[in-house]
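J.: Give me coordinates for this.
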Amino acid sequence: MGTTQLESVPEPKYWHLKTVLSEALDSEFSVGEILPNERDLAARFGVARATLRQALEQLELEGRLQRRRGVGTTVAPPRVGVAVGTEQQAWPGASGDVWQAVDCTSAAPPAAVAAALETGPEETVYTVRRSRVSHGQPVAAELLYVPASSVPDLSAIDAPSGPARARAVLRELQRLELEGRESAVELGSARADDARELDRLPGAPVLVVTTRFLAGGRTAALSVATYRADTCRLTFGDSGGVEIHQGPERQAS
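T.: Below is the predicted model of the structure:
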């Protein structure tokens with residue numbers, strides 16, 4: 001590779017460097033290929049390593065790069081599309097749900113979750129942990145908070161813990177009449193647990209989709225789903241639920 005020096009430009013140097021790096025990714029690298037180390041890249045483009053890191057972080061946020069434990073920085077594949085719709089209403093775990101139940105615990109939820117669920121300090125809240133895989137790679141992790149009052153007939157005898165317990169909670173939810181669902185999306189940073197499950201580094205950019213499931217005039221369940229921002233692209237449509245497909249040009253259905 002030749003040496004490219006950046007000339008003085010009116011925009012921030014790291015932003016211009018990001019554009020130059022993006023063009024290099026298109027012309028010189030293939031998906032999955034490991035980039036040279038930061039020292040070599042900084043020398044090639046004649047910038048400080050701090051400037052280079054800013055550009056690399058922006059490219060990671062845009063889904064062009066992935067930082068992998070023990071591997072380094074690699075060229076990312078095209079983002080998968082995630083369609084978030086509101087027309088069709090269904091409980092988590094309903095027929096066609098592609099999430100996989102991992103575990104279920106019962107403990108006091110975070111204060112923000114307790115406030116959203118309007119649960120009392122003594123009320124049991126089940127936390128169902130689920131994961132989602134697309135094309136062989138983990139793309140999302142979910143924590144579904146369900147107050148005991150939403151699943152009053154749940155028996156601890158049949159499924160005391162683990163995936164079976166999680167499926168039992170989801171099955172009991174289906175007994176309620178779903179009145180609606182409300183979703184919000186925000187950009188966040190991966191916590192240690194999410195990073196481990198999604199094969200990311202702690203602090204990596206993620207997309208957090210929070211969904212309130214309404215029944216009986218209250219929030220009967222609350223889902224906090226964390227998606228990899230480097231491989232997922234959110235689209236909004238009328239499909240209902242969250243659907244993942246491969247390729248940037250296809251429309252989710």
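J.: Roughly how far does residue 114 sit from residue 185?
T.: 22 Å (C-beta to C-beta, to the nearest Å). In this view, the C-beta of every residue, glycine as well, is placed from N, C-alpha and C.
J.: Name the residue in the two with the higher neighbour count.
T.: Set residue 114 next to residue 185 and count neighbours by other C-beta atoms under 10 Å: residue 114 wins out with 18 against 15.
J.: Hmm, residue 127 and that one touching each other?
T.: No: the pair residue 114 / residue 127 is not scored as a contact, 11.8 Å apart, by C-beta atoms under 8 Å.
J.: From the centroid of the protein, which residue is nearest?
T.: residue 227 (0.9 Å; C-alpha atoms, centre = their mean).
J.: Tell me which helix or strand it sits in.
T.: Per DSSP states H and E, residue 227 falls inside strand 218-228.
J.: residues making contact with that strand?
T.: With C-beta atoms under 8 Å, 6 or more residues apart in numbering as the test, strand 218-228 has contacts from 82, 91-92, 113, 116-118, 138-147, 150, 173, 176, 188, 190, 194, 198, 200, 204, 206-214, 234, 242.
J.: which residues does residue 55 contact?
T.: Counting by C-beta under 8 Å, 6+ apart, residue 55 makes contact with 14, 15, 17, 18, 21.
J.: quick one on the thing from earlier: show me which residues of the strand holding residue 227 are buried.
T.: For strand 218-228, a neighbour-count test (16 or more other C-beta atoms under 10 Å) marks 219, 220, 221, 222, 223, 224, 225, 226, 227, 228 as buried.
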